[in-house]
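A.B. asks: Take this sequence and fold it.
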Amino acid sequence: MSTLYPANTSCAVENATVSCKVSTDRDAVDSESEEALFPERLIEADTLRPSADGFTTDLRLPWYRALPLSCVERMAVRVDGQPVPEGDVTLSLAGDGPYTLPDLAAHTDTYWYVLDSAQLSVKSDAATQPGEHAIDVDFGLYIPYLPVNGAPLKNLDSNSAILKVADR
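C.D. replies: Take a look at the predicted model:
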């Protein structure tokens with residue numbers, strides 16, 4: 001029998017915020033459970049790649065229906081456990097962008113649909129160095145149509161992956 005969240009996932013609800021964290025050990029997750037898991041899909045499989053000044057990856061919307069970009073309220077990234085400054089993290093969608101987190105608030109009429117991937121670009125000197133790098137992404141949405149105690153529901157998801165950078 002399949003469960004919605006496999007053993008490598010922890011979720012909690014506190015003060016109208018749903019928070020889920022996933023340890024991305026794909027071998028530890030059975031394929032049936034993996035299909036039902038939003039946080040597992042935040043970093044789209046096989047899209048993490050180095051760039052000249054850091055890395056890029058494709059993100060999938062961790063919600064079951066389209067939301068405007070203005071609903072993104074958190075994009076926090078860590079490389080090898082070290083936080084990346086907010087201004088060095090941008091999101092692009094369907095040719096629009098790149099936008100920093102503060103820029104997204106103005107995009108109330110640009111919708112991110114569940115079948116579309118957004119590109120997360122991160123400037124990081126550490127991520128350009130040869131070897132393997134642990135990449136952690138914390139992504140937060142507020143859901144405007146689901147009020148809880150008079151405030152919109154907040155959905156926080158975290159996902160991790162390994163970036164491999166070849167020797168130059």
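
A.B. asks: Going by residue numbers, what spans are strands in the chain?
C.D. replies: Using DSSP state E, the strands of the chain run over 9-14, 17-22, 49-51, 54-60, 67-68, 72-79, 82-83, 89-93, 96-99, 111-112, 117-123, 131-148, 151-165.

A.B. asks: quick one, which of these is nearest to Ala105?
C.D. replies: strand 72-79 (8.4 Å; C-beta to C-beta). For glycine as for every other residue, the C-beta is placed from the backbone atoms N, C-alpha and C.

A.B. asks: So Asn155 is in contact with Pro144, correct?
C.D. replies: No: at 11.5 Å, Asn155 does not count as touching Pro144 under the criterion of C-beta atoms under 8 Å.

A.B. asks: what about those two, which has more around it?
C.D. replies: Asn155 (23 against 13; other C-beta atoms under 10 Å).

A.B. asks: Look at the more buried one and report its pLDDT.
C.D. replies: At Asn155, the predicted lDDT confidence score is 88.

A.B. asks: cool, and Leu69?
C.D. replies: 96.

A.B. asks: From Thr56, how far out is it?
C.D. replies: To Thr56, Leu69 is 18 Å away according to C-beta to C-beta, to the nearest Å.

A.B. asks: what's near enough to touch the closest residue to Ile162 other than its chain neighbours?
C.D. replies: Counting by C-beta to C-beta, 6 or more residues apart in numbering, Ile162 lies nearest to Glu132, which is 5.3 Å off, once chain neighbours are set aside. For Glu132, the contact set (C-beta atoms under 8 Å, 6 or more residues apart in numbering) comprises Ile162, Leu163, Lys164, Val165.
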